[in-house]
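Asker: no sequence for this one, just the structure:
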């Protein structure tokens, strides 16, 4: 089964379900709301199929309560960073405001390359159950499905301090979509994951290269925080990011980034100039004289 | 003006406003919802004052969209960790599920001291406006008020990887309260901040010791993510945490932790045994053989 969230003409959103080759509208405001319904596989759907071409996409889930991201999870990426294989998942959070549609423009958060905008193709898990201290089997059963994300990262900000959040949490820089596919239709085993920049394959990996697989990640995360339907877990990125190149290469206005996972779909995002002329490079006044 | 959130007998919550020495109920479900009202200082209040003794406390805001935390922000704490004064704020996120009431029990997330539960008294800012790329003056005007938090931290988990999230995001481990006080009534300048464990002062600091003051923090954070009414920013902890002691000292079941900021109020939290017999110390199966 495939699910997606689309925008309506009035600016609201709703979830749609794919059946017999057509999309049908539900009354849920996004896929997360659909998944929160007790028996979401049998929610009533509109009688008429939706015209696919006219659909204006939203992120698969629009306002998840939690987005948990795992870094250093593909062996090839860990190797390119020169790090040992980890004993525990490296986890950080993102805000729902980071999410954007699969075809949205991504604005450079400052003057072109100097800000270090980099690509990170990722398999995204969408949670379909309440998971608290779940074992791996329970966690696996609580996976609603998979979708595609690009964890676009602002390397200069990411590395200003030890904690990555500020380079990972720029508003509207994490495309998520185009749709969710349920695990019965597509297990996340051995899927080819690719990131292309202007048509050139920069990242190529397989989800078999994950150190911590989806069920393990959800189980581990649920040890400290409760996961709920619609929550999102990003599973990390394979080798081939710009910051690991020698010399590092970053995105420029006009670049087209395509992020694809076999069997799920493709994100296609254009990099555009900064919304604002320049971004502050440092706090202006750290502490005023009193 | 002072604001608080209390639980009603039916399990719902509502915000209350302090006027003329009494608390009056609003229809807002928490202080965040109250702050989101266009003119929250003149929302209609119930005619009868609320009996203070009967109030069952909730966190000042119950479901903020964002909780952003600053580490390494008090000069004395930076010194005890042996670090240089930072050029940029070190920021990480917490989930709303971490919040709990000012008088709530805090359960050890595992077998007693071995898990390394530590105290971190913090001044908390509650946002009162939409702030996006706000300069310092705009950010200062967007502060709804201040309250008290303890960013109880699970040091073993915090230091499993480079990213602190997993040691900072255990559910119901961040008391926030007891109430919000507006900046017109109490500017956050030179306030004494104290953490007592079983009556012994472990942390004593002053908000004048902050490297990045509240307006600077909000301005900086708003550069990458939009802040909204009810969002919370934790400003960091002063010197005197358990992990910096020699040898390190951690909390045990039965300990009473009091967190106090002059002019705002006191949190009083009892440490209780783990809800569960033992916490997983490592992912059981990192990757199944295929």
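Answerer: Looks like it arrived, so ask away. Because the structure is predicted, anything quoted here is derived from the model rather than measured. Residues are numbered from 1 along each chain as shown, chains lettered A, B, ... in the order given.

Asker: helix, strand or coil for residue A:180?
Answerer: Classification of residue A:180 using DSSP: H, G, I helix; E, B strand; the rest coil returns strand.

Asker: count the neighbours of it for me.
Answerer: 30 (other Cβ atoms under 10 Å in any protein chain shown). Backbone N, C-alpha and C define where each C-beta goes, glycine included.

Asker: the residue lying closest to residue A:32 once chain neighbours are set aside: what's it in contact with?
Answerer: Of all residues not flanking residue A:32 in the chain, residue A:230 sits nearest, at 2.4 Å (Cβ to Cβ, 6 or more residues apart in numbering or on different chains). Residues near residue A:230 by Cβ atoms under 8 Å, 6 or more residues apart in numbering or on different chains: A:30-33, A:35-36, A:61, A:64-65, A:126-127.

Asker: looks to me like residue A:35 is in a helix.
Answerer: Yes - using three-state DSSP, the secondary structure at residue A:35 is a helix.

Asker: so what's it up against?
Answerer: A:126-128, A:144, A:229-230.

Asker: just among the contacts of residue A:230, which is most surrounded?
Answerer: residue A:31 (34 neighbours).

Asker: contacts only, for residue A:18.
Answerer: So residue A:18 contacts A:1-4, A:24, A:179 (Cβ under 8 Å, 6+ apart).

Asker: of these, which belong to strands?
Answerer: Using DSSP state E, the members of the contacts of residue A:18 that fall within strands are A:2-4, A:24, A:179.

Asker: residue A:225: neighbouring residues, count only.
Answerer: By other Cβ under 10 Å, neighbour count at residue A:225 equals 24.

Asker: was I right about residue A:154 contacting residue A:114?
Answerer: No - with contact defined as Cβ atoms under 8 Å, residue A:154 does not count as touching residue A:114 (10.8 Å).

Asker: between these two, who's got more neighbours?
Answerer: residue A:154 (25 against 12).

Asker: how near is the more buried one to residue A:168?
Answerer: 8 Å (Cβ to Cβ, to the nearest Å).

Asker: TSV for the contacts of residue A:35, including secondary structure and pLDDT?
Answerer: Listed next are the contacts of residue A:35 as TSV, based on DSSP: H, G, I helix; E, B strand; the rest coil; pLDDT from 0 to 100:
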residue	secondary structure	pLDDT
A:126	strand	98
A:127	strand	98
A:128	coil	97
A:144	strand	97
A:229	coil	97
A:230	coil	97
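
Asker: and those residues, which is closest to residue B:203?
Answerer: residue A:127 (36.9 Å; Cβ to Cβ).

Asker: for the spatially closest residue to residue A:88 that is not a sequence neighbour, grab phi and psi.
Answerer: Excluding the flanking residues, the one nearest residue A:88 by Cβ to Cβ, 6+ apart is residue B:160, at 4.2 Å. The phi/psi pair for residue B:160 (degrees, to the nearest 10) reads phi -70, psi -30.

Asker: read off the pLDDT value for residue B:160.
Answerer: Looking at residue B:160, its pLDDT stands at 96.

Asker: so it touches residue A:220, yeah?
Answerer: No - between residue B:160 and residue A:220 there is no contact, the gap being 10.3 Å when judged by Cβ under 8 Å.

Asker: between the two, which contacts overlap?
Answerer: Joint contacts of residue B:160 and residue A:220 (Cβ under 8 Å, 6+ apart) are residue A:88.

Asker: quick one, which of the two is more surrounded?
Answerer: Taking neighbours as other Cβ under 10 Å, residue B:160 and residue A:220 compare with residue A:220 leading, 24 against 20.

Asker: for chain A, which segments are assigned as helices?
Answerer: A:31-36, A:75-80, A:136-141, A:155-158, A:165-168, A:214-222 (DSSP state H).

Asker: which one of those helices lies closest to residue B:214?
Answerer: It's helix A:165-168; of the helices of chain A, that one is closest to residue B:214 (Cβ to Cβ) at 17.3 Å.

Asker: got the contacts of residue A:18 as CSV, with distance to chain B columns?
Answerer: As requested, the contacts of residue A:18 are exported to CSV (distance: Cβ to the nearest Cβ, whole Å):
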residue, distance to chain B
A:1, 24
A:2, 25
A:3, 24
A:4, 24
A:24, 31
A:179, 25
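
Asker: need the buried ones from the residues you listed selected in ChimeraX.
Answerer: Typed into ChimeraX, the line below selects the buried ones among the contacts of residue A:18, using 16 or more other Cβ atoms under 10 Å in any protein chain shown:
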select /A:2,3,4,24,179
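
Asker: most widely separated two among the contacts of residue A:18?
Answerer: A:24 and A:179 (13.2 Å).

Asker: quick one: name the residues of the stretch 1-150 of chain A near chain B.
Answerer: The stretch 1-150 of chain A comes close to chain B at residues A:65-66, A:68, A:71-72, A:86-98, A:109, A:132-133, A:135-136, as judged by Cβ under 8 Å from any Cβ of the partner chain.

Asker: return a PyMOL selection command for the buried portion of the residues you listed.
Answerer: To isolate the buried members of those in PyMOL, using 16+ other Cβ under 10 Å:
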select buried, chain A and resi 65+66+68+71+72+86+88+89+90+91+92+93+94+95+96+97+98+109+133+136
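
Asker: which ones among the residues of the stretch 1-150 of chain A next to chain B lie within strands?
Answerer: Short answer: the residues of the stretch 1-150 of chain A next to chain B in strands (DSSP E) are A:68, A:71, A:90-94.

Asker: tell me which two of the residues you listed sit farthest apart.
Answerer: Among these, A:90 and A:94 lie farthest apart (Cβ to Cβ), at 14.0 Å.

Asker: returning to that earlier point: who touches the residue nearest to residue A:88 in this structure?
Answerer: Residue B:160 neighbours (Cβ under 8 Å, 6+ apart): A:87-88, B:166-167.

Asker: for residue A:141, same thing?
Answerer: Applying Cβ under 8 Å, 6+ apart, the residues contacting residue A:141 are residue A:129.

Asker: and the pLDDT at it?
Answerer: 97.

Asker: quick check: the gap between it and residue A:184.
Answerer: Here residue A:141 is placed at a distance of 11 Å from residue A:184 (Cβ to Cβ).
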